[in-house]
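**Student:** Compute the structure for the input listed below.
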Amino acid sequence: MSLLNYEFGPKNVYLAACTFGPDSMALLDMMQQDGVSPVVCFVDYHLGNNLATARKEVEKYCKEKHLILEIKDAYPPEGKSEKEVADWARQLRYKFFLECFLKHHAAALFIAHHIDDVIENYLLLKQHGVKGQHYGWSRVSTYEEMIIVRPLLQYSREDLKNYCDEHNIPYNDSYSNYEEASQRSLIRRDVVSKLNEVERDQILEEMKKKEAEISSLNATVKKDLSQTGELGIRSLIALPEGDFAETIIEFVNARCPTHVTVTPRLLKDIRALCLAPEVNKTLKLEGNNYIVKEYDVLSIDTDGLHLPYSYVLEKPCKFSCPAFDLDFTMGAEDRRILPEDYPITVRSALPADVTTYGGYLVPVRRMLSAAGCPAEMMRIWPVFIGKNKKILYVPRYDRNFVEYHKSKLTIHIPEEENK
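**Tutor:** Take a look at the predicted model:
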């Protein structure tokens, strides 16, 4: 089982931010335990012996582990406040990460933030009276062209120290992280470091209550996915950016037979797909993997053979497409389709479609499923819609069906085509 609970692509390159602290060194080891050799990114701010020692130790570690090491030499600006210098440091290192990301064509940047960092961030924002949906970091987020993963948010700083000690992983805990503003450092030193387990749990519970709405949305999305294998669009697009990104990454790689590298550009395209006015649309991923939008749900198609479709017939005619052939040139009254119903739309059945069966309104897909229609055929099964936007006709499914209509309609059976 993966230590980091992340789906790594076998051909992908991953970056790992490193300070030689116990958190980032534990992350490096866990990534390697999962079979990944990350490109290590280290910023040297030239702030004295501790940092110089950390740099040498990182260089030694990477050489021993045969890891690529990228180092950024930086020199703090003079005459600036501590807050201004901290802002400068953050901008510098993320610019450096982005340069490395593009240089190595990376799939994601991994950062070793943990639960103590989340608590520090929450207490700092609370101190300033800042209110928002997320008080910590999302497990997955984006920055320009980068996917950023923070897989250690369930661990405490002490947990990661213990991990390093138990696995004989070198680290330097005396180096005060220059990348944080002084106010956070004070909170870390005077508050978080002195919390016992009960106090820590109380703060985490307080954070959960403040994020109850987001937690509820996440639960709704996960419930839809576990029950149907699909994502409900309304709940999905209501998620904050980081939760949206994490959900899409997990969804795509759980449903696709081959690994798909999700990029910020792809996340934007998927969000645009969700918000598009078309109720029936697809987005190609890698290989034969597609994300399929059908009304208010997203699903995955893995062979490109059974994608949703929609065609408009202006008058009775012959028509052929990959899903079916029809010949209505002599009329289709025997299917309750009249000349005045044109133009008609023929499209694949969608989750929201209902039709009359046995005197009752029933969902089309439920009707087909009850008749034993295979899932691969249900994806291409046609419904006929009149110009008034109402369903006129849905062919019945029966394994032993004998055609009796004078009008011609042949639905292509995927299994037979593949034999």
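**Student:** hey, let's count contacts and neighbours off CA atoms from now on
**Tutor:** OK.
**Student:** which residues of the stretch 151-300 of the chain fall in strands?
**Tutor:** 231-232, 280-284, 290-294, 297-301 (DSSP state E, counting those that start in this stretch).
**Student:** looking at these, which is closest to residue 349?
**Tutor:** strand 290-294 (8.9 Å; C-alpha to C-alpha).
**Student:** chain center to the closest one: distance?
**Tutor:** 14 Å (C-alpha atoms, centre = their mean, to the nearest Å).
**Student:** and that strand with strand 297-301, angle?
**Tutor:** 150 degrees (axes from the mean of the first three to the mean of the last three C-alpha atoms, to 10 degrees).
**Student:** Which residues belonging to strand 290-294 are considered buried?
**Tutor:** Buried residues in strand 290-294, counted by 16 or more other C-alpha atoms under 10 Å: 290, 291, 292, 293, 294.
**Student:** The third one and residue 346: what is the separation?
**Tutor:** Counting by C-alpha to C-alpha, to the nearest Å, the gap from residue 292 to residue 346 is 18 Å.
**Student:** got it, and the fourth one?
**Tutor:** Relative to residue 346, residue 293 is positioned 17 Å away (C-alpha to C-alpha).
**Student:** residue contacts, residue 115?
**Tutor:** 152, 153, 154, 155, 156, 157 (C-alpha atoms under 8 Å, 6 or more residues apart in numbering).
**Student:** Repeat the analysis, applying 7 Å as the threshold.
**Tutor:** Contacts for residue 115 (C-alpha atoms under 7 Å, 6 or more residues apart in numbering) come out as 153, 154, 155, 156.
**Student:** same deal with residue 112?
**Tutor:** Here residue 112 is in contact with 23, 24, 27, 150, 152 (C-alpha under 7 Å, 6+ apart).
**Student:** Do a quick rundown of the helices in this protein.
**Tutor:** 22-33, 49-65, 82-103, 115-127, 157-166, 182-190, 197-210, 212-228, 233-237, 241-255, 264-275, 364-370, 375-378, 414-418 (DSSP state H).
**Student:** any idea which of those is most buried?
**Tutor:** Most buried of these by mean neighbour count (mean count of other C-alpha atoms under 10 Å) is helix 22-33; its value is a mean of 22.
**Student:** What helices and strands are in contact with that helix?
**Tutor:** Packing partners of helix 22-33 (3 or more C-alpha pairs under 7 Å, 6 or more residues apart in numbering; DSSP states H and E): helix 157-166.
**Student:** and the angle from the helix it packs on to helix 22-33?
**Tutor:** On the basis of the same axes, to 10 degrees, helix 157-166 is oriented at 60 degrees to helix 22-33.
**Student:** Identify the residue spatially nearest to the residue nearest the centre of the chain, adjacent ones excluded.
**Tutor:** Nearest to the mean C-alpha position of the chain, counting by C-alpha atoms, centre = their mean, stands residue 248 at 2.2 Å. The spatially closest residue to residue 248, leaving aside those adjacent along the chain, is residue 267, at 7.7 Å (C-alpha to C-alpha, 6 or more residues apart in numbering).
**Student:** what does the model give the one you found for pLDDT?
**Tutor:** Reported pLDDT at residue 267 in the predicted model: 96.
**Student:** From residue 103, how far out is it?
**Tutor:** 21 Å.
**Student:** cool, residue 227 as well?
**Tutor:** 41 Å.
**Student:** Residue 34 contacts residue 7, correct?
**Tutor:** No - using C-alpha atoms under 7 Å, residue 34 is not in contact with residue 7; the gap is 9.7 Å.
**Student:** Tell me how many other residues crowd residue 69.
**Tutor:** 18 (other C-alpha atoms under 10 Å).
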